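Asker: sequence plus the predicted model coming up.
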Amino acid sequence: MDWSQSQIPPMRFEARFGDRVVPAFCDRPASVWEMIAQARARNADGEALIAGNVRLSWRQAVEQAAQIAAGFRKLGLQRGDRVAILLGNRIAFPLLLFAAAHEGLVTVLLSTRQQKPEIAYVLADCGARILIHEAGLAERLPDAQEVPDVIHRIAVDDDPARSRFAALADNPPAPAPVEVSEEDTAMILYTSGTTGKPKGAMLAHCNIVHSSMVFASCLQLTQADRSIAAVPLGHVTGVVANITTMIRCGGALIIMPEFKAADYLKLAARERVTYTVMVPAMYNLCLLQPDFDGYDLSSWRIGGFGGAPMPVATIEKLKATIPGLKLMNCYGSTETTSPSTIMPGELTESHIDSVGLPCPGARIVAMDPDGRELPHGEIGELWIQSASVIKGYWNNPKATAESFTSGFWHSGDLGSVDAEGFVRVFDRQKDMINRGGLKIYSAEVESVLAGHPAVIESAIIAKACPVLGERVHAVVVTRSPVADSDLRAWCAERLSDYKVPETMAITPDPLPRNANGKVLKRQLRELLGA
């Protein structure tokens, strides 16, 4: 099965990054800035950015971006210089991305959850010349001697007395944009660094343009669409699934400073939101609001999700209350510039165990440890090739060589591809549990637990065992009291006996997550002492 060609723009094979040949859209913007300019040309007076009481049309957003671009020029920044952004979800964030694209600068996106040593490492590694940061995070900034390349620091705050951002933006608009190559790096996003130091994934202009076109075409988004950015903008889902996808279709981006379910529902109803991408736990939190049924969410037609399985109970409740909403699994990563697969909304219920079909132009194969493709349905490491796959890691040729083979990125995910092309993801290689030689994939057990009416979410991790090597431990977040014996009985009716969690920690508190919404299983293992 494949995406209908009636909704996908024509593609052709092209050489990319030297040694790759990938399908790419024939007619496409040549850069992120050209995509922005096209949005303005198509929908100049339509809403572009909304945050609190501020509402900017595409004409206004582009003009303000050109003013910031002029500010960058005043500071002496030149094509290829790195601009580090340490901001939460605020309107300055996309405007800075627009301005950097105008000047051919490389934006380096930092998380507001990062601490001083992490920030210092990223700034030093990428050689950023300017840091634009939340004024309230000043105490986390590294000392000047730790990051000698950073010659400008600009604080952003709602209080003008604490903010220097206005000075950066208070300029006559810069004239013609700086010319860039499609393969020039547009952004650097540092991976979460589950082992060792984080790696700077280099997202080229062509990667971002391709991924944005994939979202817009597969989800059939137009300038009439309105998206809520409820996830952090500084990570790949926020920046691609929200910001640049809305650029591509010329729609409106509504920015939430922080996700709170009650506020999300009010905003979605008031702004007539049509599209968003969130993790399943965020949908569950919305459904738990006592007044959920009282909101008019009839305009909401596309609900993208990823990072975890969507419980069947959640799908059924959303279908009953918002019948026009299509839930679409979107599986991707920083290294694939967000989407690698998307599940057509009409197939979500019938393929609940799958993350969807490969995106247009993407090729996904399950490989054995010797680098050989496995037959349909067999489990191996997923390798991914597409025009969205990044060229490599900043200043790290060793990691690039280890993670890429002729344009295929080694995802580290264990999964399979069936005869119809549907992709299934069972576990991260490092998270698979080996119980006396029997392999247990945490996603399968988590999916079963998610079906219990008392369970909001869960995480399955290995507990060290001197006899079997590892045993199954569950951390379960519940909405109402439930005994661990009842949860084990629930699992025993639906799973092989060796997959049933032998120990459990039941809590009402949310699971720890990184800023991209992924559960921090390493942290859970540390708490367990595993």
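Answerer: Looks like it arrived, so ask away.
Asker: list the buried residues for the biggest helix by length in the chain?
Answerer: Taking DSSP state H as the assignment, the helix of the chain that covers the most residues is helix 58-74. Along helix 58-74, these residues count as buried under the neighbour rule (16 or more other Cβ atoms under 10 Å): 58, 60-62, 64-73. For glycine as for every other residue, the C-beta is placed from the backbone atoms N, C-alpha and C.
Asker: in this protein, what helix or strand scores lowest on average pLDDT?
Answerer: strand 438-440 (a mean of 80; mean pLDDT, DSSP states H and E).
Asker: packing partners of it?
Answerer: strand 433-435 (3 or more Cβ pairs under 8 Å, 6 or more residues apart in numbering; DSSP states H and E).
Asker: before we move on, the earlier item: may I see the buried residues of the least confident helix or strand of the chain?
Answerer: Ile440.
Asker: try stretch 442-459
Answerer: In stretch 442-459, counting by 16+ other Cβ under 10 Å, buried: 442-450, 452, 454-459.
Asker: so what's the closest residue to Tyr264 other than its chain neighbours up against?
Answerer: Counting by Cβ to Cβ, 6 or more residues apart in numbering, the nearest residue to Tyr264 once its immediate chain neighbours are dropped is Ala230, at 5.8 Å. Shown in contact with Ala230 (Cβ atoms under 8 Å, 6 or more residues apart in numbering): Met256, Phe259, Tyr264, Thr276, Met278, Met282.
Asker: how much space separates Ala230 from Thr314?
Answerer: As defined by Cβ to Cβ, to the nearest Å, Ala230 lies at a distance of 16 Å from Thr314.
Asker: my guess is Val231 is in a helix, correct?
Answerer: No - checked against DSSP: H, G, I helix; E, B strand; the rest coil, Val231 lies outside a helix; its state is coil.
Asker: I'd say it and Ile243 touch.
Answerer: No - look at Val231 against Ile243 with Cβ atoms under 8 Å: they stay out of range, at 11.0 Å.
Asker: so these two - more neighbours on which side?
Answerer: Val231 (26 against 23; other Cβ atoms under 10 Å).
Asker: re earlier: next step: the buried residues of stretch 442-459 restricted to strands.
Answerer: Val455, Ile456, Glu457, Ser458, Ala459 (DSSP state E).
Asker: just the C-alphas of the helix or strand hosting Ala201, formatted as PDB.
Answerer: Following DSSP states H and E, one finds Ala201 within strand 200-204. Provided in PDB are the C-alpha atoms of strand 200-204 (Å, rounded to 0.1, in the frame of the first residue of the first chain):
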ATOM      1  CA  GLY A 200      24.300  18.000  16.500                       C
ATOM      2  CA  ALA A 201      22.000  16.800  13.700                       C
ATOM      3  CA  MET A 202      22.400  19.100  10.600                       C
ATOM      4  CA  LEU A 203      19.100  19.800   9.000                       C
ATOM      5  CA  ALA A 204      19.600  21.200   5.500                       C
END
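Asker: by contact count, what packs against it?
Answerer: Looks like strand 200-204 contacts helix 116-126, strand 185-190 (3+ Cβ pairs under 8 Å, 6+ apart).
Asker: if we can go back for a sec, dump the buried residues of helix 58-74 to TSV, plus distance to Pro148 and pLDDT.
Answerer: Listed next are the buried residues of helix 58-74 as TSV, based on distance: Cβ to Cβ, whole Å; pLDDT from 0 to 100:
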residue	distance to Pro148	pLDDT
Trp58	39	98
Gln60	37	97
Ala61	34	97
Val62	34	97
Gln64	31	95
Ala65	29	96
Ala66	31	96
Gln67	29	95
Ile68	25	96
Ala69	26	96
Ala70	26	96
Gly71	23	95
Phe72	20	96
Arg73	23	96
